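>>> predicted model and sequence below, questions to follow.
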Amino acid sequence: MEQIQIPEGMRDLILDQCRKKRWLQSKIESIFDSYGYQEVMSPTIEFYSTYSNAYQNIIEEDKYKFFDQNGRILTLRSDMTVPIARVCATKFKDIKPPYRFRYTSNVFKVRQKFRGKQSEVTDCGIECIGLKNSDLEVLLCAIDVMESLQCSYTLEIGNVNFFKKASSYFNLSSQKLSDLINSKSMVELKEFLIESKVDKKAYDFFMKLPFLSGDASILDEAYDLSFNDEIREVILYLKELNHMLEKMGVHHHITYDLGKVPHYKYYTGIIFEGYVAGVGTSVLNGGRYDHLLEKFTDEYPACGFSVKLDYLLDVIQLESQTKMVIYYPASKQIEAYMKARELRNEYSCVECKEYDQDEIIIKEEIR
Amino acid sequence: MSLSIALTKGRLEKQTVGMLEECGYGIESLKNKGRALVFPDSVYDIQYFLVKSNDCITYVEHGVADIGVVGKDTLLEGGKDYYEMLDLEIGKCKFIVASLPEIHLFSKVGHIKIGTKYPEVAKNYFLKKGMDVEIIKIDGSVELAPILGLCDGIVDIMETGTTLKENGLVVLDTVCDISARVIVNKASYKLKKEEVMKVISDLESMVKKNALSDQ
């Protein structure tokens, strides 16, 4: 049997899928360009230790790993945020921030077998590094990207500090609690809170948290639930953001979810996800991560997001394109090819096809 | 917007359909199934489909189904990219650890082998206990494995305990309780929140009603 399979989680893209992907990529990249983000290309392979240094809770099984000539562990990059932080520390150490970087790169993650998930996807995103107050800029850019998809969408904003401040007030900070809230696991959350013997105030707060999601009015509800100034401040900040988005008239597809607390140790402020009708998972992810850069260089605040292009291919509708086709008899090949060269100045696609008639004919056809 | 709901067929099916019916959903087609695979609701803009428990998670994770009803036993073994929003409190049973009485599983010195249909559950349970055990996947009649000497103990679902007792096995510990859960696709929760929350709150009120009548 010849070797015809591809490794688990990998995919070949053909014809229209490639066209859609390129179309999406250039559309999104031109938005990033228009905001002044400059492209970074980094190697596909990084040292495993670059990632384990960057993230506290790295999941070993998720990473593709192999060795270099000296026995050091290598990994296929699993995101572009870490390579960009590394680039800042080395290539930009004498240049003052802010830095605005964009990238389009394939990233790799080992996914569970036989579940229809992709282990290699193209990530197209930006990182705005060195600015504390870049949330609005980054959000606006994310809104422009979602708008450009021409699908019905929701961009949902959260702020991990709401959970962080509340859980540290109650002395309950833990990965487990944040995971339960993030996955809205109401049954286990209830069990966990009862086992942790929390008082009624904490119980009510955390049981409500997973449901604090919806349009901007949810921020009022969250404000009423806030029990000290620190927590109120988090909500006031979101309200201010919302106010600014409203003022600019770009708030129509914005929703909020304060129970969105993934990787709560990594994110340090706003966090947001974009969803489009027809795709079962988020297609855009981002947030503020002020403590990553210090693992590589100085302490720079940072905010960014990326779009997984591959997740969008099924919902993108492209207009069909046309091409010019020159049919020619074998005896008139040179003539046909010269005509084709001439037509290519005018048309984006001109094909030549040999046939068994005597005359050259030129037709417009669907590509 | 229309909703798709994946129901686990078999043990949970009848009770789940019963709860939906009591909430006023138009589930006639689910009662007279024939050979159909997709069942439209006669009242609301909902379609149901009946699937195997493992597939229920897969359909919901991909967003092909917005909502799924599936046993916690399956959730513990499968992926976790969904919201687990409600305990329907039906199909109740538990995960237990059992062995032959002469084997002192928790104090045994040396290599320990555990037979189970649920390797993830077994692995996590013994990890929490600080024990490193070898898991052997068994697909049916797990009780047989320790009797024949394939393993020292088992992790399995127990409803009444009769099968265990008849085979001379004793329950050593409860791993956790199991019941049917309602899971929701994350994107569906954002994009069809109103429709999803209606189903959740309808079912929730039924759970509360059932709990009251049980007392």
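Sure thing, it's come through.
>>> please make it C-alpha for all contacts and neighbour counts, starting now.
OK.
>>> how confident was the prediction at residue 76?
Just going to use chain A. Here the pLDDT value assigned to residue A:76 is 98.
>>> my question was about chain B
93.
>>> ok, now the one 4 residues further on?
Among the per-residue scores, residue B:80 holds a pLDDT of 85.
>>> same deal with the one 10 residues further on?
Note for residue B:90: predicted pLDDT of 95.
>>> what bits of chain B have low per-residue confidence?
For chain B, the stretches with pLDDT under 70 are B:215.
>>> excluding covalently adjacent residues, which one is nearest to residue A:183?
Nearest non-adjacent residue to residue A:183, counting by C-alpha to C-alpha, 6 or more residues apart in numbering or on different chains: residue B:83, 4.9 Å away.
>>> and for residue A:125?
Closest to residue A:125 by C-alpha to C-alpha, 6+ apart is residue A:306, at 3.7 Å.
>>> what's next to the host helix or strand of the one you found, contact-wise?
In the assignment (DSSP states H and E), residue A:306 maps to strand A:302-308. The contact list for strand A:302-308 (C-alpha atoms under 8 Å, 6 or more residues apart in numbering or on different chains) reads A:121-132, A:134-135, A:138, A:142, A:283-290, A:293.
>>> mind listing the strands that strand pairs with, and their directions?
The sheet places strand A:302-308 alongside strand A:120-129 (antiparallel), strand A:284-288 (antiparallel), with pairing taken from DSSP bridges.
>>> now do the SS call for residue B:156.
strand (DSSP: H, G, I helix; E, B strand; the rest coil).
>>> gap between residue B:81 and chain A?
Counting by C-alpha to the nearest C-alpha, to the nearest Å, the gap from residue B:81 to chain A is 8 Å.
>>> which of the residues in stretch A:53-63 are buried?
A:54-55, A:63 (16 or more other C-alpha atoms under 10 Å in any protein chain shown).
>>> so which of those is the closest to chain B?
residue A:63 (17.6 Å; C-alpha to the nearest C-alpha).
>>> what score does that closest one have for pLDDT?
pLDDT, residue A:63: 96.
>>> tell me how far the residue lying farthest from the centre of chain B lies from chain A.
Residue farthest from the centre of chain B, counting by C-alpha atoms, centre = their mean, is residue B:109 at 33.6 Å. Here the criterion is C-alpha to the nearest C-alpha. By it, residue B:109 lies 30 Å from chain A.
>>> for that residue, which three-state class applies?
coil.
>>> state which strand of chain B is the longest.
For chain B, the longest strand by residue count, based on DSSP state E, is strand B:170-178.
>>> go ahead and confirm residue B:190 touches residue A:154.
Yes - checked against C-alpha atoms under 8 Å, the pair residue B:190 and residue A:154 is within contact range at 7.2 Å.
>>> give me the common contacts of these two.
residue A:275.
>>> is residue B:93 in a bridge, and if so with what?
residue B:178.
>>> how many other residues sit next to it?
18 (other C-alpha atoms under 10 Å in any protein chain shown).
>>> contact partners for it?
B:157-159, B:177-179.
>>> give the closest residue to the residue nearest the centre of chain B in space, chain neighbours not counted.
Centroid check for chain B by C-alpha atoms, centre = their mean gives residue B:71 as the closest residue, at 1.5 Å. Spatial nearest neighbour of residue B:71, chain neighbours left out: residue B:180 (4.2 Å); criterion: C-alpha to C-alpha, 6+ apart.
>>> this completes my enquiry, with thanks.
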